[in-house]
Every structure is written in C-alpha cells, then in structure tokens.
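In: Sharing a sequence plus its predicted fold:
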Amino acid sequence: MIARTLLVLTLSLSLSLAGVAHAEPVAHALVMHVPPHTADAGADLDLEAQIDAPFAEVLSVRWRPLGADVAWREAAFERAFAGGWFATIPKASAPGVEYYIRGRDGAGAEVAHFASEASPHVVRVVPSLTDRLEELDRARLGDRRNEVSLDVLGHDFGNRYPVRDRYLRGELAYTRRLWREIHHVSFGFGAIQGETPDTSAPDGRELDKGVRYGFGEARFRAHESVFLDARVALAASHAGFTGGVRGQMIFGKPWRSSVFVGGEYLGDVGGSAWVRLQWDTAPPLLMAASVVRTDLPGAEIAAAGLYIAYDVSYRVASHVTMKAQLSYGARDGEAHFGGGLGSAVDF
C-alpha cells in the first residue's frame with residue numbers, strides 16, 4: 001500500500017515538472033530611449049524610442065507636471081511614419097514635467113523600461129520669452145494688473161495780436177495689464193476745449209472749439225524693447241459727431257529709457273505729432289523731453305503750433321505715481337508757457 005502511494009506521488013511530480021519545463025515564457029519588449037532634459041514651454045514634448053518586439057507589451061509613458069501632487073497621466077506609444085515609436089506629452093509648461101516608461105505584458109504584469117514612479121525622469125521646461133517678460137512685469141509692479149489715471153494738460157500759444165489761442169485737455173482712463181503680446185488695454189474718456197483765432201489779424205475773432213470723446217486703446221509688444229500703441233475714439237465736437245485715431249511706436253521699455261514717436265487725429269480739432277525722449281538716469285524720477293507739433297484746438301490759421309515739453313514722473317508710494325509737465329512754444333507770435341498735472345493709481 002505504501003509502495004503504491006509513493007509510486008503515484010512520483011508520477012504526479014514528474015508530470016508537473018514536465019509541464020513546467022514545456023510552459024511558454026512570457027514575451028517582453030526591449031525599449032531603447034534617449035531622454036530629453038529640456039523642452040520649450042507651450043510645445044508638445046515628443047518622446048522617441050526604438051522598440052524591439054513592440055507588440056509583446058502595451059507600452060505607455062506616465063507623466064505629470066513637475067512638483068504637482070496630482071495623479072499620473074498616461075500616453076500610449078504610437079508608430080512613427082519615419083520609423084520608430086513615439087509618445088506625446090501635450091503642451092509642457094514651466095517648471096517642467098516628470099515621466100517614466102512602462103509596459104504591461106501578456107500575463108498582466110507591469111514591466112519598468114525607463115525610470116519609475118518612485119524615481120521619474122525630470123524634463124525642465126524653458127519658459128518662452130513672453131512668459132519670462134510677463135514674470136518680470138509681474139514682479140516689477142507687484143502683480144498689480146489694474147491702473148486708473150487722470151491727466152490734465154494745456155498750452156497757451158499766444159498770438160501776435162491780442163487774440164487768444166489756447167486749449168485744455170483732460171483724460172480719465174482705466175488700464176488692464178495683460179503683460180503678453182497684448183501688453184495692456186485701456187478704456188477712457190477725454191475732453192478738449194479751447195479758443196483759436198479765425199485769422200491772424202488785429203480784428204481776428206476767437207472761435208470756441210472742443211470735443212468730448214471716448215476711446216479704446218491697446219499696447220502691443222512686438223519685441224521685448226519695441227511696443228506699438230493703437231487707439232480709436234468716438235467723439236462729439238462743436239461741429240457734430242466725429243471720430244479719431246492715435247498711434248505710437250516705443251523703442252525701449254516705456255517704464256525706463258525709451259523713445260516715443262507718435263501721431264493723433266481727432267475730427268474737428270485737428271492732428272498732432274510728437275517725438276519724446278525719456279530717461280531714468282535719476283531714480284526715482286522718470287523724466288522726458290518732447291517736441292510736439294499740433295493743430296489743437298482746431299486751428300484756423302496756417303501756422304502749425306509747435307512747443308517743447310519737459311515732464312517728470314515720481315512714484316510717491318508703491319502704487320501711486322504723480323506726474324507734472326511744463327511746455328513752451330508758439331503758433332503765430334511769441335512763445336508762451338503751458339503745462340499739466342497727472343496721477344495714476346495701481347491696484
């Protein structure tokens with residue numbers, strides 16, 4: 001009886017060992033991958049690999065933003081038209097991403113091919129120029145994206161005869177800073193009121209002219225040191241409804257040393273053109289000198305008004321700026337003075 005039992009056990013063990021010896025091994029893929037170390041912000045990050053026996057496993061990359069305590073996202077490897085395989089991490093953003101490559105074999109087991117969940121590979125994402133400039137603007141202004149400003153200025157051109165030629169202008173504006181390719185947008189209201197002679201003669205009459213307008217403006221960043229301002233306006237003047245446009249190129253940074261070249265036209269009160277040189281060599285003051293040619297406030301005589309102006313800005317607090325201007329020039333006769341005051345509040 002005992003001998004029979006031992007015989008049965010021996011036969012069973014022999015059959016089991018034979019089955020193990022003849023069992024098919026589970027196939028695995030071989031992945032060769034050269035990892036990137038940096039990537040551009042906002043662009044898709046393509047991970048390339050050469051794979052031997054690619055269909056032996058379901059291969060994928062698991063990734064997540066660097067430093068983010070979020071669930072891993074997954075992207076499958078796909079066949080590339082030029083050969084090889086690739087997986088895509090969409091629109092990588094600073095400071096970077098971390099990832100690892102894994103597979104799942106026919107038996108359902110997970111196979112690590114490159115890095116791991118516990119020790120993922122890190123790709124640093126280089127911020128774009130726009131991102132870096134936005135970060136600088138954000139730090140410079142303490143992340144204050146809004147501004148309300150009020151400016152009042154005027155000039156008395158005088159005349160060779162005892163008639164008045166002068167104007168006063170005020171603008172109230174709200175600015176929303178975006179700090180991207182569109183650097184900021186502004187909306188506001190303005191008014192111009194003045195007196196100008198109908199002719200340069202002893203008996204010349206003084207004409208009252210003025211305009212009330214609303215405007216929208218945008219500043220575009222064409223380059224890190226080149227900006228373009230564009231404005232459109234709708235207005236009601238002494239003669240009826242009208243409109244206006246304004247454009248300005250800024251070479252340099254508008255809050256530092258720079259050159260402004262611009263022009264404006266408002267229906268029924270005329271056009272203006274200017275060149276302005278600004279410098280910041282005496283902080284905390286920001287100073288500028290301008291040459292302005294203008295027809296304001298709708299001059300009737302042929303001579304164009306021309307004046308030079310000096311202005312200075314001073315930030316009296318982290319979010320309050322005061323401005324002042326002094327001008328000197330003429331249109332037809334001896335030069336006279338003008339000037340203005342302004343303020344801006346950031347929040």
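Out: Received it, and whenever you're ready, just let me know what you need.
In: ok, which stretches of the protein are helices?
Out: 2-21, 129-140 (DSSP state H).
In: Now the last one - C-alpha only, CSV.
Out: Which is helix 129-140. Extracted C-alpha coordinates of helix 129-140, given in CSV (Å, rounded to 0.1, in the frame of the first residue of the first chain):
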residue,chain,number,x,y,z
LEU,A,129,10.3,84.9,-23.9
THR,A,130,6.8,86.1,-23.4
ASP,A,131,6.5,84.1,-20.2
ARG,A,132,9.8,85.5,-18.9
LEU,A,133,8.8,89.1,-19.7
GLU,A,134,5.4,88.6,-18.1
GLU,A,135,7.1,87.4,-14.9
LEU,A,136,9.4,90.4,-14.9
ASP,A,137,6.5,92.8,-15.3
ARG,A,138,4.6,91.0,-12.6
ALA,A,139,7.5,91.4,-10.2
ARG,A,140,8.1,95.0,-11.2
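In: In contact with the nearest residue to residue 214 once chain neighbours are set aside, which residues?
Out: Computed as CB to CB, 6 or more residues apart in numbering, the closest residue to residue 214 that is not its neighbour in sequence is residue 189, at 5.2 Å. Every residue, glycine included, has its C-beta placed from N, CA and C. By CB atoms under 8 Å, 6 or more residues apart in numbering, residue 189 lies in contact with 171-173, 212-215.
In: Against residue 271, how distant is residue 189?
Out: 20 Å (CB to CB, to the nearest Å).
In: ditto for residue 198
Out: 19 Å.
In: Settle it for me: which of these two has more neighbours?
Out: residue 271 (17 against 14; other CB atoms under 10 Å).
In: What residues are bridge-paired with the more buried one?
Out: residue 265 (DSSP bridges).
In: Residue 227 touches residue 255, doesn't it?
Out: No. Checked against CB atoms under 8 Å, the pair residue 227 and residue 255 is beyond contact range at 10.6 Å.
In: Looking at the two, which one has more neighbours?
Out: residue 227 (21 against 13).
In: Please give me every residue in contact with the nearest residue to the more buried one once chain neighbours are set aside.
Out: Counting by CB to CB, 6+ apart, residue 227 lies nearest to residue 250, which is 4.1 Å off, once chain neighbours are set aside. Residues near residue 250 by CB under 8 Å, 6+ apart: 226-229, 258-260.
In: Count the residues that sit near residue 82.
Out: Using other CB under 10 Å, residue 82 is surrounded by 7 other residues.
In: and the gap between it and residue 346?
Out: With CB to CB as the criterion, residue 82 and residue 346 are 52 Å apart.
In: same question, residue 41
Out: In terms of CB to CB, residue 41 sits 27 Å off from residue 346.
In: And residue 173, by the same measure?
Out: 13 Å.
In: Could you do residue 304 as well?
Out: On the measure of CB to CB, residue 304 and residue 346 end up 37 Å apart.
In: okay, those two: which has more neighbours?
Out: Remark: of residue 304 and residue 346, residue 346 carries more neighbours, 20 against 15, as counted by other CB under 10 Å.
In: Who does the more buried one form a beta bridge with?
Out: Bridge pairing for residue 346 - DSSP bridges - gives residue 147.
In: center of the protein - which residue?
Out: Nearest residue to the geometric centre of the chain (CA atoms, centre = their mean): residue 180, 0.5 Å.
In: quick one on the thing from earlier: which pLDDT does the model give the residue nearest to residue 214?
Out: The model reports residue 189 with a pLDDT of 98.
In: ok, it to residue 208 distance?
Out: For residue 189 relative to residue 208 (CB to CB), the value is 20 Å.
In: can you check residue 112 too?
Out: With CB to CB as the criterion, residue 112 and residue 208 are 84 Å apart.
In: Of those two, which one has the most company?
Out: residue 112 (14 against 11).
In: What residue, apart from its backbone neighbours, is nearest the residue nearest to the centre of the chain spatially?
Out: residue 130 (5.7 Å).
In: The one you found: what's it in contact with?
Out: 180-181, 221.
In: of all those, which comes closest to residue 278?
Out: residue 221 (17.2 Å; CB to CB).
In: What's opposite the residue nearest to residue 227 in the beta bridge?
Out: Here residue 250, judged by DSSP bridges, has bridge partners residue 227, residue 260.
In: Model confidence for the closest residue to residue 333 other than its chain neighbours, exactly?
Out: In space, and not counting its chain neighbours, residue 333 is closest to residue 160: 3.7 Å by CB to CB, 6+ apart. pLDDT for residue 160: 91.
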